[in-house]
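Novice: What would the 3D arrangement of this be:
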Amino acid sequence: MFDLDEAVGNELVKKYKPTFLGKGAEQLVYEITDRPGIVVKVDKAQMRLIQGWNESHNLPLDELDPAMRPDIEKYLMRRRERHARMTSYLGREHVPVQRTAIVKVPVNKEIIKHVHWGTPPQGAEQVTEAWSVVTVQRRVPEVQHDPKLEIGSGHIEHQHPDPDVYGRVTRALVDLDPAAHFTNEEFESLFKESLARIIHFADRDPGLQEAVKDFIARTVRLSNDTGEVFDLVGTYNISFFERDGKWTYRLLDPLLLTSENDPRAAAQAVMEHAARGERRDRGEEAFLLWSAVNFARMVNGLAARYDMTERVDMIPNHLKGKIDFLQLFKKMNT
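Specialist: Numbering: from 1, shown residues only. The predicted model follows:
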């Protein structure tokens, strides 16, 4: 059997020749040509960081300055710790094994342009390889089978939601305000169609409903105990499928690619500034806050639908009811 350890390190390029497949919000995705069951994911933010450093220090874009390695190693260690923590709470049967390392991967000018939000650094047209943090995972073939079911929020704030519905749902599920009320239909109306799809199946299949409830219960414990926040904005990060006649789920890529070991605390720091009317940049802080609010709303909404008592507690008590999140996100995007 192919050993994931073999696929990390510099031999990844020399021996296995990964082929570029596509671009996600946070990662570039490659496959190993002669190992179709293996997926290679490349951290765009780390590649951008390394190349930005090189450009500012007059170094070739395809080098890794030894001065950068300690910070990248710390980031890598936190990624591994968070993955191990997630596995401990959610279970090995639900979290695929993965390997991470600092690796050079094949790139071209267009890939680098994408990584740098459309403005590649000088010399990008000559670059054929670049350093980044890379994750190697086995594919989970079951998630490709119908029905394809996921728990995912999508970009709610970008979809021009009804402000009244958004406000009541968010106060009830993020602020945990017992006086705020909403209907199941209003909750579902905020999210993309895939949420209605999994709810439709779960309402009719007790086995699927138990799998969803198991995911929610484990996730709430993980978040409340450790401050972890899952990326539920992305597509199929949490996938449900049948195996041997029983519903189960896999967490394919749910961890936010952030340098923070406690994403909830980082998001709460943004909330503190927002409550004082202070503006921050729209980088990682906005990303963390956006993810945290969507995560709490989705997880707590499903918990409420299935009469579970568990709730993710995302906001400090002294800030509950003090932030208009819809207006805050509008400001962050202007």
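
Novice: C-alpha only now, for contacts and for neighbours.
Specialist: Will do.

Novice: Quick check, pLDDT for residue 100.
Specialist: Listed pLDDT for residue 100 reads 92.

Novice: count of residues packed around it?
Specialist: 22 (other CA atoms under 10 Å).

Novice: Name the spans of the stretch 151-300 of the chain whose pLDDT lies under the cut-off.
Specialist: Scanning the stretch 151-300 of the chain for pLDDT under 70 picks out the ranges 279-284.

Novice: where do the strands sit along it?
Specialist: 238-243, 246-251 (DSSP state E, counting those that start in this stretch).

Novice: Make TSV out of those strands and add distance to residue 98.
Specialist: Shown next, in TSV, are these (distance: least, CA to CA, whole Å):
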stretch	distance to residue 98
strand 238-243	16
strand 246-251	12
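
Novice: between those, which gets nearest to residue 83?
Specialist: Within those, the stretch nearest residue 83 is strand 246-251; the backing value is 10.6 Å (CA to CA).

Novice: Show residues contacting that closest one.
Specialist: 93-96, 207-208, 211, 215, 237-242 (CA atoms under 8 Å, 6 or more residues apart in numbering).

Novice: rerun that using 7 Å as the cut-off
Specialist: 94-95, 207-208, 211, 237-242 (CA atoms under 7 Å, 6 or more residues apart in numbering).

Novice: Equivalent analysis for stretch 131-142, please.
Specialist: Contacts of stretch 131-142 (CA under 7 Å, 6+ apart): 4, 7, 37-43, 46-47, 62, 64, 97-105, 241.

Novice: what's the closest of the contacts of strand 246-251 to residue 263?
Specialist: When these are compared against residue 263 (criterion: CA to CA), the nearest one is residue 237, at 17.3 Å.

Novice: Of the contacts of strand 246-251, which is the most crowded?
Specialist: residue 240 (25 neighbours).

Novice: How many neighbouring residues does the closest residue to that residue other than its chain neighbours have?
Specialist: Among residues not flanking residue 240 along the chain, residue 249 sits closest, at 4.2 Å (CA to CA, 6 or more residues apart in numbering). Using other CA under 10 Å, residue 249 has 23 neighbouring residues.

Novice: Just the contacts of stretch 131-142: which are in helices?
Specialist: Using DSSP state H, the members of those that fall in helices are 46-47.

Novice: which among the contacts of stretch 131-142 end up buried?
Specialist: Among these, those scoring as buried are 4, 7, 38-43, 46-47, 62, 64, 99-105, 241 (criterion: 16 or more other CA atoms under 10 Å).
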